[in-house]
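Participant: Dropping a prediction and its sequence here:
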Amino acid sequence: MNIDALLALIRREVIRGRRLLVMLTAVTGAAFLLTLVGGEAISVIAVSLAGVSAFLSLLGPSGDLAGDKLLGHLEADQVLPVSSRLVAAGRLLGASVRLLPVVIAALAIAVVVWRELEAGPLGMLLLVVIPLVSLLLASLVSWTLLALNARWQFRNLWWLPITLVMGPQILTSALPTPVKAAIARWVASSARGLAAFAVTPGGLVVSFLTITLLPAIVFAGATLLYASGLERYRYDANALGTMLGKAPKRELGAIGKGPLLAVARLRIRLSLEQQRRNGIFLLILLVVLLIGSEELQDFARIYVRVVAVMLPAGIAMQLTAARSTGYLEGMQQLPHSARTVALGHLAAIAVMAVPGAVVLLLGRLAAGRTPGFVEGLSIWSWFVVGGWIAAVLAVWLKLRYLAMMAGAVTLMLLAWYAIVGGEGMAVQIGATINGFQSIRLSAGAALPVAMAMLVAMAGVPLFAKGVETYQFRGKGE
Amino acid sequence: MSEGPAILEVTDLTVRYPTFTLGPVSFVLRGGETVALLGANAAGKTTLLRAVTGRLRDRQGRILLAGREPREAPPAWRARVGFAAEKPQADGALRVREWFAFLADCYPTWDTAYQRDLTARLGLDAGERIGALSRGTAVKAAYVAAESYRPDLLVLDEPTNGLDPVVRLEFLQMLGNCFAAAPERALLFSSHLLEDVESLCDRALLLREGQMVRELPGSELTEARASGRLTALVADVLRSAP
């Protein structure tokens, strides 16, 4: 094995993600310190913060890989003078190094658990075991995500988790009752048999070996899958073009006919290109909602929401890609005010929120309810609110603003804690949620419509400011 | 034409896209040769270069690099070809020196002293992030990355694109010196700039709408160059109907 190349691949994986790694390590480190010095309520907040950071660190390598595939950088790995498996192994191991925030977050949790259990000196073992097990589990997840992402288009696999959960239920529901009963009996007896075997000496050995070998097995499998994906990878320049949000000529030509309409048409056209598959899924889900079995309808109801949200949210994704690659300058240079450009985007989001809302309404109709215009307006408004907030953040949000907002929220929470204490905070948070729920139920469509108007009014100037102040400094900066 | 060993043999290479087909194209590059690939935009130059460097795998026909088909050769064989695209194929978050250090550990024949020399001669700031490189600097970085392990075949895609006149001249001289002293190596590059072709290459291959329409051998190139007719000659070939 070429150890130098393996180490170089690991190093590259870590170096490329260092900014996120340093940031998340700092956040989890601060959270860890808070758990050491803070009380119970502070520890809960700190552990939550650490958990979010740890989760983000899990997604970093997969995001980088998706970028490599989109930009064609994976070709460079294909032609390295080392085997695909070595490239895969280096990348997977590098991804594990990037999970340092997970270890620190787990340490913070371990401290809280240790204190809660009053475990004493022997419990110190928890401080080692919990971070190690967390690192191992996070690595397994990270390797699996990377391997799946390398072999297939990750964004096309969004249906997989829910299908894995719901699939067996749907399949068994279609079986005749005696067969279902027989399967249930077999599952129960197998579980009992396994449980009995697990406590025998042989069972303990097998369990131990399984737990010990599991990481090795997953690593080997992920390496093979990643290597296979690397060998099959083909650069698709068109995918990049669509993602970057290059303007189709016809839509640019419409600018002379009215800027707001032209911008909206451009975004809708790009969304239709990018979300074609989701549109087809939506139609299939609609058919399932109308004529499917009860189990299938339950399955479809979950998915319809996901797909429906993705349609307007796709515009925020276009903007994120355009911002990171400099294509947002195209919007900046249009001979119209930034507010008009912002309104054009809002109009596009409003249009893209319609199909999902219609399908959800039809689903409710199929379930025997008679939804009215107000209910439809309510659903549509929520989609607009979500899509527009995402789009505004995609254009306006800068690291500086994010830090300011995080700082303000932290100060607010600390002040709140100082005034009412931990228990008082918990009670007030619960009361706030309940209050919001009761307003939501009693206000009907008025709440989402008011929210939509509010975020539209607040978002347009922010979006416009984001466009006006945008300055492309290259991807590496 | 050079009488050196065949570095690259391309026979009936064909690449099919939904709206464009390259080939069938056949040619041979021998050790010591510097060959230019000329053609209008979308003539298939980059597709051809990507295919011969092993980046394009869905193709027909035969490519032999130093006697072996790259698709069937062991991974180490890939060190025999270097490719500099217009932009470095590396994550923008890496600094240039970090990218070079990575490649140095992957390529057994990487010559760090040579890389430092090339970096210095091209005035490349190795501390810059790849994503922040200007067009010309990106070309330089891609070239140093492809040349520092001295591959048998160096392939450059529009190498002087974006270089300022001073650096361009230095770059062309450097390329000329490298390959004049290396009869066992060959250079294949694409360009729109006939001055580059004039100053650097022994032979030119002219590509039009995916077809190799003409080969300008050294003698014809020299003659056209001497009579100042090179631009007109190339333009005539690229313009005429297939």
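Facilitator: Here it is on my side, so go on.

Participant: Please count neighbours and contacts with C-alpha atoms only from this point.
Facilitator: OK.

Participant: number of nearby residues for A:Asn2?
Facilitator: The tally of other residues near A:Asn2 (other C-alpha atoms under 10 Å in any protein chain shown) stands at 12.

Participant: Which positions in chain B make contact with chain A?
Facilitator: If contacts are counted using C-alpha under 8 Å from any C-alpha of the partner chain, the residues of chain B sitting beside chain A are B:54-56, B:75-79, B:89-94, B:98-99, B:101-103, B:105-107, B:129-133.

Participant: Any of the residues you listed buried? List them.
Facilitator: Buried positions within the residues of chain B next to chain A, assessed by neighbour count (16 or more other C-alpha atoms under 10 Å in any protein chain shown), are B:54-56, B:75, B:77-79, B:89-94, B:98-99, B:101-103, B:105-107, B:129-133.

Participant: So which of these sit within strands?
Facilitator: When DSSP state E is applied, those are split such that none fall in strands.

Participant: Sort out for me which of those residues are in helices.
Facilitator: Residues from these lying in helices, with DSSP state H as the criterion: B:98-99, B:101-103, B:105-106.

Participant: Same list (the residues you listed) but as JSON lines, adding pLDDT.
Facilitator: Conversion of those to JSON lines gives the following (pLDDT from 0 to 100):
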{"residue": "B:Glu98", "pLDDT": "93"}
{"residue": "B:Trp99", "pLDDT": "92"}
{"residue": "B:Ala101", "pLDDT": "92"}
{"residue": "B:Phe102", "pLDDT": "91"}
{"residue": "B:Leu103", "pLDDT": "92"}
{"residue": "B:Asp105", "pLDDT": "91"}
{"residue": "B:Cys106", "pLDDT": "90"}
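
Participant: Just confirm yes or no for the helix or strand harbouring A:Asp298 near chain B.
Facilitator: According to DSSP states H and E, A:Asp298 maps onto helix A:294-325. No: with C-alpha under 8 Å from any C-alpha as the threshold, helix A:294-325 lies outside contact range of chain B, at a closest distance of 9.7 Å.

Participant: The helix or strand just after that helix: which residues count as buried?
Facilitator: Per DSSP H and E, the first helix or strand lying C-terminal to helix A:294-325 is helix A:328-332. By 16+ other C-alpha under 10 Å, the buried positions in helix A:328-332 come out as A:328-329, A:331-332.

Participant: residues contacting the closest residue to A:Ile170 other than its chain neighbours?
Facilitator: What sits nearest to A:Ile170 in space, not counting adjacent residues and going by C-alpha to C-alpha, 6 or more residues apart in numbering or on different chains, is A:Glu295, at 5.8 Å. Residues in contact with A:Glu295 (C-alpha atoms under 8 Å, 6 or more residues apart in numbering or on different chains) are A:169-170, A:173.

Participant: Give me the ChimeraX select line for the residues you listed, limited to the buried ones.
Facilitator: Buried residues within the contacts of A:Glu295, as defined by 16+ other C-alpha under 10 Å, are selected in ChimeraX through the command that follows:
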select /A:170
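
Participant: Export the contacts of A:Glu295 to a markdown table and append columns for secondary structure and pLDDT.
Facilitator: As requested, the contacts of A:Glu295 are arranged in a markdown table below (DSSP: H, G, I helix; E, B strand; the rest coil; pLDDT from 0 to 100):
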| residue | secondary structure | pLDDT |
| --- | --- | --- |
| A:Gln169 | helix | 74 |
| A:Ile170 | helix | 73 |
| A:Ser173 | helix | 73 |
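
Participant: phi, psi of B:Leu154?
Facilitator: Reported as degrees, to the nearest 10, the phi and psi values for B:Leu154 are phi -110, psi 130.

Participant: Correct me if wrong: it contacts B:Ala79.
Facilitator: No: applying C-alpha atoms under 8 Å as the test, B:Leu154 and B:Ala79 come out as separate, 10.4 Å apart.

Participant: Quick check: next helix or strand after the host helix or strand of A:Ala41?
Facilitator: Element membership of A:Ala41, judged by DSSP H and E, is helix A:40-71. Toward the C-terminus, helix A:40-71 is succeeded by helix A:74-78 as the next helix or strand (DSSP H and E).

Participant: Next, the residue of the stretch 151-300 of chain A found nearest chain B: secondary structure please.
Facilitator: Taking C-alpha to the nearest C-alpha as the measure, the point where the stretch 151-300 of chain A comes nearest chain B is A:Arg234, at 7.6 Å. Of the three states, A:Arg234 takes coil under DSSP: H, G, I helix; E, B strand; the rest coil.
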